[in-house]
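In: Requesting a structural model of the entry that follows:
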Amino acid sequence: MLILIVAYLGGVLTILSPCILPVLPFVFARADRPFRAHGLPLLLGMALAFAAVATLAAVGGAWVVALNQYGRHAAIALLAVFGATLLFPSVAERLSRPLVALGNRLSQQQQADGAVARPSAFAPLMLGVGTGLLWAPCAGPILGLILTGAALNGASVGTSLLLLAYAAGACTSLAAALLVGGRVFSMMKGSLRMGEWVRRAAGVAVLAGVGAIALGLDTGLLSQLSAGTTSALEQALVEKIDAPKRPLSPPVSSAPSALAPGLMLASAQLPPKAPALSLGVEGSFPSLVGATEWINSAPLAPESLRGKVVLVDFWTYSCINCLRTLPYVRAWAEKYKDAGLVVIGVHTPEFAFEKLPANVRRATKDLGVGFPVAVDSNYAIWRAFGNQSWPAFYFIDAQGRIRHQQVGENQYAKSEQVIQQLLAEAGRTDVPARLVSPLGQGTQAATDASPALSGETYIGYERAHNFASPGGIASDRTRVYQAPASLRTNQWALAGEWTVGSERAVLARAGGRIAYRFHARDLHLVLGPSADGKPVRFRVSVDGKPPLADHGADTDAQGNGVIDAQRLYQLVRQTTNDRDRLFEIEFLDAGAQAYVFTFG
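Out: Numbering: from 1, shown residues only. Model (predicted):
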C-alpha cells in the first residue's frame, strides 16, 4: 500500500518537473471549455496513452529478461532511444503528431458545428492520446523505477497497479491545474525555456550513461538496479513506517564461505523435557501476496495459517547450500504435518533463468519438494521479510509471530527443537520426540567433515575473481581465451571462444574449456544448455585424467555428462579432501552456459 501511495504522489508531483512543461500547452489550449466535456476526456486520453506506452515498456522488459542472451544489447538500445527522445524533443513530437493533428481537426470541426451538434468527447480524447505520447518518455524518476522493476522482474499485476496509481496522480494534478484555468499556465510559461535545457541535459546524461555501459566502464549499475525498484526516499519511508512490523536481523553475508561447515547428525538426540530455548518475538508474519505463482498449494496467507506453526524457507534451486538443507526441510514437513506444522518454501531467484516459472516447477518436481512453494520472482516476499541470504529459515508461532531466524546450513538440531517448542506452545501434545537425521544424496549430500578451502566462484564479470586467463575478461564481447600454463589454488581460466556477460559465460564454438585448481571434496558448477534448449555434451577430468571413482552425480567414471537444463551439476565427488586438484571441463558442443562454481 505504501508503494502505491508513493507512486501516486510521484505522479502528482510530475507537474513540477520541467519535463511536463511542453505538455501543458496542449492541456491549457482550450481551458475555457467545460471541464466535463473537454478537460476530462483529454486527461483520460493522456492516461490511456501513457498506460499503453508504459505497459509496452514493462512487457518489453520482461522479454529482455527472458531473452537474456541479447538482453543487455536490447536494453542499451532502448536507453539510447530514450536519451535521444529527451535530447531531441522533435522525435517525441513526430511520434505524437498524427494523433495531435487528428484531435485538433476533430476539435475544429466540432467548433464549427457546435451550434448544431452536441460536442463529442472523441476529439479531446484523441488530443489527450497525442499529448500522452509526448508525456510518456519523460514522466519522472518514480516511473523509471517502476519500469526498471518490471524489466528486471517481469510485468505483473503489482506493476500494473503502480502504473495506474502513477497515472492517476499525474492526472489529478493536471485536472486541478486545468480547473484553476489559464492563470496557472501563464505563471509557468516563463520557465519553459529553462525546462527545455534541463530536458536536454538529462538526455545528454542518459546517452553518456549508455556509452559507459556499452563500453563496460560500469559493471555495477545493472546489479544495483536489480537489487530493488524504489528510490532512496521511498526506501527510507518504507523502512521507517514498516520497521515495527518487520523482523529485525543483523546483516548477513550470503556467501557460503561465511557459513559454518559440517553436518550435525542428531538421530540419538532427544529434545529437552521442558522448553530450554529462549525465543523472543522478532516481528509479525509478513504478507505473502507478492508471490507470482504457487506450487503444490493454493495461495496461502498469514491470516489463514493462524493456529498453525509455520516454517518459511527462502531458497533457490541452483544454490548448493539450499539443496543441502532440503533433506531436513522435507523430513520436518512430513514428520510434523499432523502435529500442526506448515512448511512454505519461498523460491527467490539468484539468476535470470530461475525466474522462469517452468524452470521452478521442473526443479521442484525433480528435487522431490512436496510442500507449498511460493514463487517469489519479483522479490516481494523477500523484501517483506527483510531477508538477505539463501537459505534462511523463519519460524512463526501459532499467533503469527516470528520467534526465531536461522541463516545458512547446519544447526538442524536447534531448528527442530524450535519447531517442537512452538508446537508445544500451541497446545499440541502429539509432537514426535526424536530428531530427524536424513541422508541426502548427490547435490543434497551433507558437506565434508573437513572444510572446503575453495569458495563460491562466479564466472560472470559482475562478481568474478581469481580469473587467470591472459588479458583478463572482455566484458560482453566474444573473444578467444587461453588457459595459462599453470594455476594457483582457487584460480580459474577459460580456453576457447567465449562471451562473458554479467552473470555467465556462453561458449561460441565447440571445444571450449574451463579449468579450476580447487581444494574440496565436491565440485559443482551451475550450467545451462544452448539458448535454443539443445543439450550440450561435456567431458570432465581431474589432474588430467578421467575422475573414475571420484566422479560426481552428473558424470560417469570417464567424466562424460550432458547439460540438459539450467541447474547445478555435481561434477566431482571425492572420497577424501586432502590436496589440491586440477579440474577441467571440455564442452563438446557450442552454446554451453556457465554461471558459478560451488564446493562442499
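In: what's the average pLDDT for stretch 582-596?
Out: Taken as a whole, stretch 582-596 has an average pLDDT of 98.
In: ends of that stretch, how far apart?
Out: Counting by C-alpha to C-alpha, to the nearest Å, you get 17 Å between the two ends of stretch 582-596.
In: do stretch 336-348 as well
Out: Stretch 336-348 stretches 25 Å from its first residue to its last (C-alpha to C-alpha).
In: buried stuff in it?
Out: 336, 339-348 (16 or more other C-beta atoms under 10 Å). (C-beta placed from N, C-alpha, C; glycine too.)
In: and residue 297, how many residues sit next to it?
Out: Number of residues near residue 297 (other C-beta atoms under 10 Å) recorded here: 13.
In: which ones are touching it?
Out: Residues near residue 297 by C-beta atoms under 8 Å, 6 or more residues apart in numbering: 371-373.
In: re the thing from before, which ones among the buried residues of stretch 336-348 lie within helices?
Out: Mapping the buried residues of stretch 336-348 onto helices (DSSP state H) picks out residue 336.
In: follow-up on the earlier one: mind listing which of the contacts of residue 297 are in strands?
Out: Mapping these onto strands (DSSP state E) picks out residue 373.
In: neighbour-wise, which of the contacts of residue 297 leads?
Out: Result: residue 373 is most packed of those (other C-beta under 10 Å), 25 neighbours.
In: what's across from that residue in the sheet?
Out: Here residue 373 sits in beta bridges with residue 295, residue 345, as judged by DSSP bridges.
In: and it, what pLDDT?
Out: 98.
In: contacting residues around it?
Out: Residue 373 sits next to 294-297, 344-347, 360, 364 when contact means C-beta under 8 Å, 6+ apart.
In: try 6 Å
Out: 295-296, 345, 347, 364 (C-beta atoms under 6 Å, 6 or more residues apart in numbering).
In: Could you do residue 429 as well?
Out: Residue 429 sits in contact with no residue, where contact means C-beta under 6 Å, 6+ apart.
In: Double-check that it belongs to a strand.
Out: No. Looking at residue 429 with DSSP: H, G, I helix; E, B strand; the rest coil, it is coil, so not inside a strand.
In: ok, the contacts of residue 373 vs residue 432, which is closest?
Out: Within those, the smallest distance to residue 432 is 21.5 Å, found for residue 345 (C-beta to C-beta).
In: Next one: residue 538 from residue 461, what distance?
Out: Per C-beta to C-beta, to the nearest Å, residue 538 is found 22 Å from residue 461.
In: And those two? Which one has more around it.
Out: The neighbour comparison of residue 538 against residue 461 (other C-beta under 10 Å) goes to residue 538, with 25 against 20.
In: Report the beta-bridge partner residues of the more buried one.
Out: The bridge-partner assignment for residue 538, based on DSSP bridges, gives residue 561, residue 587.
In: re earlier: identify the farthest-apart pair in the buried residues of stretch 336-348.
Out: 339 and 348 (27.7 Å).
In: And residue 433, what's its pLDDT?
Out: Residue 433 carries a pLDDT value of 83.
In: From residue 339, how far off is it?
Out: Counting by C-beta to C-beta, the gap from residue 433 to residue 339 is 11 Å.
In: could I get stretch 487-500 in PDB with only the CA atoms?
Out: Taking C-alpha atoms only, stretch 487-500 is exported to PDB below (Å, rounded to 0.1, in the frame of the first residue of the first chain):
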ATOM      1  CA  LEU A 487      47.000 -22.300 -12.000                       C
ATOM      2  CA  ARG A 488      47.400 -21.500  -8.300                       C
ATOM      3  CA  THR A 489      44.900 -22.700  -5.800                       C
ATOM      4  CA  ASN A 490      41.400 -21.200  -6.400                       C
ATOM      5  CA  GLN A 491      42.400 -19.700  -9.700                       C
ATOM      6  CA  TRP A 492      40.400 -20.500 -12.800                       C
ATOM      7  CA  ALA A 493      40.700 -19.900 -16.500                       C
ATOM      8  CA  LEU A 494      38.800 -20.100 -19.800                       C
ATOM      9  CA  ALA A 495      40.100 -21.600 -23.100                       C
ATOM     10  CA  GLY A 496      38.300 -21.200 -26.400                       C
ATOM     11  CA  GLU A 497      35.900 -18.700 -27.800                       C
ATOM     12  CA  TRP A 498      33.600 -17.300 -25.100                       C
ATOM     13  CA  THR A 499      31.300 -14.300 -24.500                       C
ATOM     14  CA  VAL A 500      31.400 -13.400 -20.800                       C
END
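In: what comes into contact with it?
Out: Contacts of stretch 487-500 (C-beta under 6 Å, 6+ apart): 454, 461, 466, 468-469, 473, 478, 480-484, 505-509, 511-517, 519, 580.
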